[in-house]
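Q: no sequence on hand, only this structure:
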């Protein structure tokens, strides 16, 4: 090789280094499954790193919205003991969120916050299009998918995607989401919410959750711990065998086969008994338990018994969260609901 060619190749190498051009492994192997590590960010979308993002001064629904409404003074359902016995009085709480990763994915239901008045819309095809809000949806390329992490090529589980746009007060939620390419996704179902309004979904419509409820407003988020208060109900699940194929407001949907009155309907609230002593728990867990006394748990999906939902964050102490298992189903009571207001699925 001539001296001139050597100098030319050396010059090109120096230019590439100075420009810091990355090696794109997604393009190299032809794999474009929507992995979290892809960073084709739309404007205003920060890179998700497993940390609960602050929504600033954005208010998540008005105070009169059912999920923000306290239930501490409401009556106890006359069949509360029967419902709790069916769950199992010794069934402990389980926090389905925490720090770190499990099998490569973050522990909990992640979300991403953007602030963009003119965000890029995406094309999405829903399996349950008849119960999904129509386009447009806003999902940045780097939006995390529940159950998907750096070491997993494809997501698993419910594969929720949650996007909050603080500039437009809009919330976007998708179930069974998968990214096909830069602006194309598929999903099981999708829902959009104007966070300034109290609108419920149409009756018998699902959402990104079986009960037709929004997910994000019911998650325990670390930013709330930092603020010292959780002022909303907390999402929880029960197994199919303990959920009636019915719902009460604000739920709009259920997914079961039994209409037995011995089972709880979707949307039912459990409330931690006021006499339950929380002083032996950590300050973090006391904030969570106080919310359970004031706003309660809301039945939102089929799943494991007494699992409560939250978002992942490296600041959670998993051992401390595990201590909430000392709180049993028998420490709760079912908040009164009128059986005349229970709606059976068709």
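A: Received it, and whenever you're ready, just let me know what you need. Small disclaimer: the values here were computed from a predicted structure and weren't measured.
Q: in what helix or strand does residue 293 lie?
A: Assigned by DSSP states H and E, residue 293 belongs to helix 283-294.
Q: residue 161 touches residue 142, doesn't it?
A: No: the pair residue 161 / residue 142 is not scored as a contact, 11.2 Å apart, by C-beta atoms under 8 Å. Backbone N, C-alpha and C define where each C-beta goes, glycine included.
Q: look at those two and report which has more neighbours.
A: The neighbour comparison of residue 161 against residue 142 (other C-beta atoms under 10 Å) goes to residue 161, with 31 against 21.
Q: report the separation between the more buried one and residue 260.
A: Taking C-beta to C-beta, to the nearest Å as the measure, residue 161 falls 34 Å from residue 260.
Q: following the worst-scoring helix or strand of the chain on mean pLDDT, which helix or strand comes up?
A: For the chain, the helix or strand with the lowest mean confidence is helix 25-28, at a mean of 26 (criterion: mean pLDDT, DSSP states H and E). Going down the chain from helix 25-28, the next helix or strand is helix 80-87, by DSSP H and E.
Q: for the very next helix or strand once past that following helix, the averaged confidence score.
A: Per DSSP H and E, helix 80-87 leads on to strand 94-95 as the next helix or strand towards the C-terminus. In this model, strand 94-95 has a mean pLDDT of 98.
Q: ditto for stretch 290-305
A: The predicted confidence, averaged over stretch 290-305, sits at 97.
Q: list the buried residues for it?
A: 291-303, 305 (16 or more other C-beta atoms under 10 Å).
Q: end-to-end on stretch 201-215?
A: The first and final residues of stretch 201-215 sit 13 Å from each other (C-alpha to C-alpha, to the nearest Å).
Q: hmm, I typed the wrong one, I wanted stretch 250-263.
A: End-to-end distance of stretch 250-263 (C-alpha to C-alpha): 18 Å.
Q: give me the contact list for that stretch.
A: Stretch 250-263 has contacts (C-beta atoms under 8 Å, 6 or more residues apart in numbering) with 65-67, 82-83, 86, 131, 200-207, 210-213, 240-247, 265-267, 299-300, 302, 339, 344-345.
Q: my read is residue 241 is in a strand, agree?
A: No: using DSSP: H, G, I helix; E, B strand; the rest coil, the secondary structure at residue 241 is helix, not a strand.
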